[in-house]
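Asks: Structure of the sequence below:
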Amino acid sequence: MDSGRRVPNDPFLKQVAYGERIATRSTMDGTHLGDYSGVAATGRVMERTGITIKRFDSGKVAESGACAGLLPAFRQMGVVAGNTEPAG
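Replies: The predicted model follows:
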């Protein structure tokens, strides 16, 4: 989380496991109150989805990777033209 940005909601949408790997799809929403990926605060409500994949070895995280859907968040902040409503 970036400092200055309130994120009141961070639920899991879906989580699946296969062998030693766990994939989690989640969403975060909040008010854009501070710098976010180089964009100054807009005061707008935004929502971002992402996927995290972790590999475990002996009960500990051995590898981790993540991907976030930033285009919808940038649209909601007014940085990119398009739909500004959070998905719902």
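Asks: Going by C-alpha atoms from here, please, whenever you check contacts or count neighbours.
Replies: OK.
Asks: How about the backbone phi and psi for the most far-flung residue of the chain relative to its centre?
Replies: No residue in the chain sits farther from the centre than S58, which is 27.8 Å out by Cα atoms, centre = their mean. Main-chain dihedrals, S58, degrees, to the nearest 10: phi 60, psi 40.
Asks: What of R75?
Replies: Torsion angles, degrees, to the nearest 10, at R75: phi -60, psi -40.
Asks: In the chain, which strand is the longest?
Replies: strand 45-57 (DSSP state E).
Asks: Parallel or antiparallel, list what pairs with that strand.
Replies: Sheet pairing for strand 45-57, assigned by DSSP bridges, gives strand 21-31 (antiparallel), strand 60-69 (antiparallel).
Asks: Just send those strands back as CSV, with mean neighbour count and distance to G38 too.
Replies: CSV is the format used below for the strands paired with strand 45-57 (neighbours: other Cα atoms under 10 Å; distance: least, Cα to Cα, whole Å):
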stretch, mean neighbour count, distance to G38
strand 21-31, 17, 16
strand 60-69, 12, 15
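Asks: Least confident of those, on average?
Replies: Mean pLDDT per stretch puts strand 21-31 lowest among the strands paired with strand 45-57, at a mean of 88.
Asks: other SSEs contacting the helix or strand encompassing L13?
Replies: Here L13 sits within strand 12-18, counting by DSSP states H and E. With contacts taken as 3 or more Cα pairs under 8 Å, 6 or more residues apart in numbering; DSSP states H and E, strand 12-18 sits against strand 21-31.
Asks: For the protein, give me the ranges with low pLDDT.
Replies: Applying pLDDT under 70 to the chain flags the ranges 1-12, 83-88.
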